[in-house]
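**Student:** Got a sequence here, can you model it:
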Amino acid sequence: MDVGTWLSGLGLGQYEAVFRENEIDADVLTELTDQHLKDLGIALGHRLKLLRAIRQLAGDAAVKASEQPKPQDAADRRQLTVMFCDLVDSTALTAQLDPEDMGDLLRAFQHAVAAAVTRFDGHVAKWTGDGASVYFGYPRAHEDDAERATRASIALIEAVARLRRERSVDLEVRIGISTGLVVVGELIGEGEALERGVVGDTPNLASRLQALAEPDTVVVSESTRRLLGRTFELKALGPLELKGFKAPVPAWVIVGERDNVSRFEASRSEAMTPFVGREQEVALLVNRWRRAVKGEGQVALLSGEAGIGKSRILAALRERIGDERYLTFRYQCSPHHVNDALFCQRRAGRFAAGQIGDDDLPRGSRKRRDRALSGVVAGDPDRRAVSGARNGAKRTKGADHCRDDRAGSRICENRAAADAG
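**Tutor:** Here you go, the predicted model:
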């Protein structure tokens, strides 16, 4: 805006030279006060006219700024993981319970949903009484949104189980998850009907999967399964005929989380590409391994920036020594368990309990397994733990029986335990 033109429009063009002499332009015009105008030698009546015009100018600028769409209000094309959850047979519960008791139960359920979703940084897009639609990947995106949605679902099932015990009611939930490209649009509706519009078949698929899920189970789409990699054990439901979808849709049920699988291995559902480079680092680790085999204890520390290839080097090392005897203890932190004390030790303990299980020990020998496990849980896999692993592993013949239902890394470690004796 030109100040001279603006002054002329007010019939005060005679002050243009004064404004220009004092370098008053459109950027500072709205900051002028009565004292400023008085110092410029402008008469009282003209000062009042100018101040009124300046207030109007500032108001128009504020209105225009408020009308500009905010970045989060604009339509946005992105990958989104959608989770639908719904209470099972809530109609029967409504008929059994007093309306106030039912309302209290629904509030407790919504609180459980909100707590599980918030823990994994999701967003509850809409409440539907006894259900909810949840977004992972909007408004904040993460590289592991599919995993976050699955973990939130498992946490919700556990929370609903606690509610069932506390309130002595038949309370169950079913959950469907799907991932895909959508367009997240502007806010639509008003009041409690306000929600973020999403265009795409991902929400529809998640809703259909939720409808066919068994009580207290999580059903995921094929796209979500690929993103989960080997983080979870899944059971295929096969191609399903779903309303609104012309072709059969593959679906999977979450069975549980895999134990003792590194995040690097879990994030890869397909075979890794051939290893190129880093021969010096791998050779150094192999050399230290050879010394350890000969009885010289070795400790190797592999450190570096995130993404530089540390986990890939360790995978290459395991490939090099895959046919030899070794026992692996893996302790790794997780961004999803920052508030879980001793998470690393407890997770390693669960793996040891599965690897050195009751079926691998003769009757009356479970104390040996417990002694081995106590060493692992205490965070000190010392001679007792290794000795216990060996005693149990000697009776585990041919770990290849796990090959059909375990990931490659798990087979390797089971075989290592079996050969430890």
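**Student:** ok, Arg291 - contacts?
**Tutor:** Gln298 (Cβ atoms under 8 Å, 6 or more residues apart in numbering). C-betas here are computed from N, CA, C, even on glycine.
**Student:** Begin at 51, not 1, for the rest of this chat.
**Tutor:** Sure, I'll start counting at 51 from here, so that last one is Arg341.
**Student:** where does it land on pLDDT?
**Tutor:** You'll see Arg341 listed with a pLDDT of 90.
**Student:** again, but for Ala209
**Tutor:** On the pLDDT scale, Ala209 is placed at 94.
**Student:** Would you agree it falls within a strand?
**Tutor:** No: read with DSSP: H, G, I helix; E, B strand; the rest coil, Ala209 is helix and lies in no strand.
**Student:** Next, the contact list for the spatially closest residue to it that is not a sequence neighbour, please.
**Tutor:** Once flanking residues are discounted, Ala209 sits nearest to Ala162: 3.9 Å by Cβ to Cβ, 6 or more residues apart in numbering. By Cβ under 8 Å, 6+ apart, the contact set of Ala162 is 206, 209-210, 213.
**Student:** Neighbour-wise, which one of those residues leads?
**Tutor:** Per-residue neighbour counts (other Cβ atoms under 10 Å) across those peak at Leu206, which has 26 neighbours.
**Student:** Quick check: which element contains it?
**Tutor:** Using DSSP states H and E, Leu206 sits in helix 195-217.
**Student:** Run me through the strand neighbours of whichever helix or strand comes after that helix, direction for each.
**Tutor:** Later in the chain than helix 195-217, the nearest helix or strand by DSSP H and E is strand 223-238. In the sheet, strand 223-238 lines up against strand 126-137 (antiparallel), strand 245-249 (antiparallel), strand 267-271 (parallel) (DSSP bridges).
**Student:** Quick one: residues in contact with the last one.
**Tutor:** Spelled out, it's strand 267-271. For strand 267-271, the external contacting residues (Cβ under 8 Å, 6+ apart) are 196, 200, 203-204, 207, 224-230, 255-256, 259-260, 262-263, 278, 284, 287, 299-304.
**Student:** Flag the shaky bits of the chain, pLDDT-wise.
**Tutor:** 51, 110-124, 236-246, 309-322, 400-471 (pLDDT under 70).
**Student:** Domain parsing of it, as residue ranges.
**Tutor:** 53-117, 122-307, 329-469 (automatic domain parsing).
**Student:** Show me which of the contacts of strand 267-271 are buried.
**Tutor:** The neighbour-count test (16 or more other Cβ atoms under 10 Å) marks 196, 200, 203-204, 207, 224-230, 255-256, 259-260, 263, 278, 284, 287, 299, 301-304 as buried among these.
**Student:** on that earlier part again, would you turn the strands paired with strand 223-238 into CSV with distance to Gly91 and mean neighbour count?
**Tutor:** Converted to CSV, these look like this (distance: least, Cβ to Cβ, whole Å; neighbours: other Cβ atoms under 10 Å):
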stretch, distance to Gly91, mean neighbour count
strand 126-137, 53, 22
strand 245-249, 56, 16
strand 267-271, 74, 26
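**Student:** coming back round to it: deepest of the domains of the chain, which one?
**Tutor:** Mean neighbours per residue, mean count of other Cβ atoms under 10 Å, is largest over the domains of the chain for domain 122-307, with a mean of 18.
**Student:** re the thing from before, could you dump the domains of the chain to CSV with distance to Thr323?
**Tutor:** Formatted as CSV, those follow (distance: least, Cβ to Cβ, whole Å):
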stretch, distance to Thr323
domain 53-117, 51
domain 122-307, 15
domain 329-469, 10
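**Student:** ok, now which ones touch the residue nearest the centre of the chain?
**Tutor:** Nearest residue to the geometric centre of the chain (Cα atoms, centre = their mean): Arg198, 2.6 Å. Neighbouring residues of Arg198 by Cβ under 8 Å, 6+ apart: 131, 170-172, 186, 192, 386.
**Student:** try 7 Å
**Tutor:** If you count contacts by Cβ atoms under 7 Å, 6 or more residues apart in numbering, Arg198 has them with 170-172, 186, 192.
**Student:** Return the closest of these with respect to Ser361.
**Tutor:** The closest of these to Ser361 turns out to be His192 (Cβ to Cβ; 19.1 Å).
**Student:** what helix or strand is the closest one on?
**Tutor:** Here His192 is assigned to no helix or strand, by DSSP H and E.
**Student:** re earlier: quick check: the residue nearest to the centre of the chain vs Asp266, distance?
**Tutor:** Between Arg198 and Asp266 the computed distance is 20 Å (Cβ to Cβ, to the nearest Å).
**Student:** Asp126 now?
**Tutor:** Asp126 is 34 Å from Asp266, by Cβ to Cβ.
**Student:** for Asp194, same thing?
**Tutor:** 24 Å.
**Student:** What of Thr80?
**Tutor:** To Asp266, Thr80 is 61 Å away according to Cβ to Cβ.
**Student:** Leu206: what's its closest spatial neighbour, skipping adjacent residues?
**Tutor:** Ala166 (4.3 Å).
**Student:** what sits against that neighbour?
**Tutor:** So Ala166 contacts 202, 205-206, 209 (Cβ under 7 Å, 6+ apart).
**Student:** so which of those residues comes closest to Asp136?
**Tutor:** Leu206 (11.1 Å).
**Student:** That closest one contacts Cys135, doesn't it?
**Tutor:** Yes: the criterion here is Cβ atoms under 7 Å, and Leu206 meets it with Cys135 at 6.2 Å.
**Student:** what sits in contact with each of those two?
**Tutor:** Looking at what touches both Leu206 and Cys135 (by Cβ under 7 Å, 6+ apart), the common residues are 163, 223, 225.
**Student:** Please render these as JSON lines that adds distance to Gly345 to the earlier fields.
**Tutor:** Converted to JSON lines, the shared contacts of Leu206 and Cys135 look like this (distance: Cβ to Cβ, whole Å):
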{"residue": "Val163", "distance to Gly345": "56"}
{"residue": "Val223", "distance to Gly345": "55"}
{"residue": "Ile225", "distance to Gly345": "53"}
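**Student:** Which one of those residues is nearest to Asp148?
**Tutor:** Among the shared contacts of Leu206 and Cys135, and counting by Cβ to Cβ, the member closest to Asp148 is Val223, at 21.7 Å.
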